[in-house]
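Sequence first, predicted model second:
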Amino acid sequence: MRTGLLRSVGAATAVYGVVAAYRPDWLARPVGLVDPEGNTHPHTAMALRPLAWRDAASGLAMLLAPRGPALVTATLVRIASDVGDAALFGTGVTGRVRRAAAVATALGWTAVTVAALAASREAGPAAPAGDGDGRAARPV
């Protein structure tokens, strides 16, 4: 299993999640959860932060999980989260264009993550057991 692309998607997701937890406007503005002046209400920010921390945690799991079933599971959690976001945005975001953009963004990340997972599983020589990045495990 090649893990470089999965680890990159995980790192990007983790960084985005941390930034969005600190700046919930990054989540609120694209889906229209701001007032007419473009500000995010404190209650909206509070409600969005768990989504941001979920992204940070799932991205970190993809980055740190050992190669194999743990990494696949972390990736599937990430994919399920993005599909869930697409469903939520598809039913909750107002305005046809904004809704379409929000759904497309969530499904775009889903596609990137699915592609990274598929690429990691391409046929090839088996990598040595180790930490998932091709380095051999050290004896204990």
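Structure's in. What do you need? Note that the structure is a prediction, hence the values are computed from the model and not measured.

Number of residues surrounding residue 114?
Counted with other CB atoms under 10 Å, residues neighbouring residue 114 total 16. C-beta coordinates here come from the backbone N, C-alpha and C atoms, glycine included.

I meant to write residue 58 there.
Using other CB under 10 Å, residue 58 is surrounded by 24 other residues.

what does the lowest-mean-pLDDT helix or strand in the chain rub up against?
Counting by mean pLDDT, DSSP states H and E, the weakest-scoring helix or strand in the chain turns out to be helix 25-28, with a mean of 91. The contact list for helix 25-28, computed with CB atoms under 8 Å, 6 or more residues apart in numbering, reads 16, 19, 20, 33, 34, 39, 40, 44, 45, 48, 51, 52.

Give me the helices and strands touching the helix or strand that that helix is followed by, please.
Counting by DSSP states H and E, the next helix or strand C-terminal to helix 25-28 is helix 42-64. Contact partners of helix 42-64 among helices and strands, from 3 or more CB pairs under 8 Å, 6 or more residues apart in numbering; DSSP states H and E: helix 4-22, helix 25-28, helix 69-92.

buried sites along the last one?
Spelled out, that is helix 69-92. Judged by neighbour count using 16 or more other CB atoms under 10 Å, the buried positions of helix 69-92 are 71, 72, 74, 75, 78, 79, 81, 82, 85, 86, 89.

Would you mind measuring from the second one to residue 39?
What it means is residue 72. Computed as CB to CB, to the nearest Å, the residue 72 to residue 39 distance reads 41 Å.

hmm, back to that, closest to residue 120 out of the contacts of helix 25-28?
residue 16 (20.5 Å; CB to CB).

With adjacent residues omitted, what lies nearest to that closest one?
In this structure, residue 16 finds its nearest non-sequential neighbour in residue 55, 6.1 Å apart by CB to CB, 6 or more residues apart in numbering.

what about the one you found, how many neighbours?
Residue 55: 26 neighbours (other CB under 10 Å).

do the same with residue 61
For residue 61, using other CB under 10 Å, the count is 19.

Excluding chain neighbours, give the residue nearest to it in space.
residue 74 (3.8 Å).

For that neighbour, give me its contacts.
Per CB under 8 Å, 6+ apart, neighbours of residue 74: 10, 58, 61, 62, 65.
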